[in-house]
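Peer 1: Sequence and predicted structure, then a few things I'm wondering about:
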Amino acid sequence: MGFVGNSFSGALKTIAIILGILVLGYLLIQAIPILILAAIVIYVVVKIRKYINSKFAIKNANITNNLTEEAASKSFDDLQSDVIDVDYKDI
């Protein structure tokens, strides 16, 4: 009698494992399109953010270069501009 119980228990475990694998396989097959779609959406969002950030970085770099060039062209030793001569009295 013990042999029949052990055989039935082993068969039940085998059937449970096979059913578990089938259910997980079915769920995985149903989830693959959703996972692919999510990956594509995440990829597109990341690319758009990088594009926008690079455009702002280029714009900011151009502004910085313009400001640097203006500052370099205006020096304190610029004698070509109008110079105001001021006389001071010693106290």
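Peer 2: It's in. Everything quoted here is computed from the prediction, not taken from an experiment.
Peer 1: Which strands and helices lie in contact with the helix or strand containing residue 12?
Peer 2: Applying DSSP states H and E as the criterion places residue 12 in helix 2-73. Helices and strands touching helix 2-73, by 3 or more CB pairs under 8 Å, 6 or more residues apart in numbering; DSSP states H and E: there are none. Yep, even glycine has a C-beta here, placed from its N, CA and C like the rest.
Peer 1: any idea of the mean pLDDT in it?
Peer 2: Mean per-residue pLDDT for helix 2-73: 83.
Peer 1: I'd like the distance between residue 53 and residue 60.
Peer 2: 10 Å (CB to CB, to the nearest Å).
Peer 1: What of residue 54?
Peer 2: 11 Å.
Peer 1: what's the burial count for residue 15?
Peer 2: By other CB atoms under 10 Å, 10 other residues sit near residue 15.
Peer 1: Check residue 11 too.
Peer 2: Using other CB under 10 Å, residue 11 has 10 other residues around it.
Peer 1: next one: residue 41
Peer 2: Neighbour count of residue 41, defined by other CB under 10 Å: 10.
Peer 1: Show the contacting residues for it.
Peer 2: Contact analysis of residue 41 by CB atoms under 8 Å, 6 or more residues apart in numbering lists nothing.
Peer 1: I'd like the distance between it and residue 47.
Peer 2: 11 Å.
Peer 1: Could you name every residue contacting both of these two?
Peer 2: Contacts common to residue 41 and residue 47, judged by CB under 8 Å, 6+ apart, are absent.
Peer 1: For residue 56, see how far away residue 63 is.
Peer 2: Distance from residue 63 to residue 56, by CB to CB: 11 Å.
Peer 1: same deal with residue 31?
Peer 2: Taking CB to CB, one finds residue 31 at 37 Å from residue 56.
Peer 1: so what's the backbone phi/psi at residue 89?
Peer 2: Residue 89 adopts backbone torsions of phi -100, psi 140, taken as degrees, to the nearest 10.
Peer 1: again, but for residue 85
Peer 2: phi -90, psi 130.
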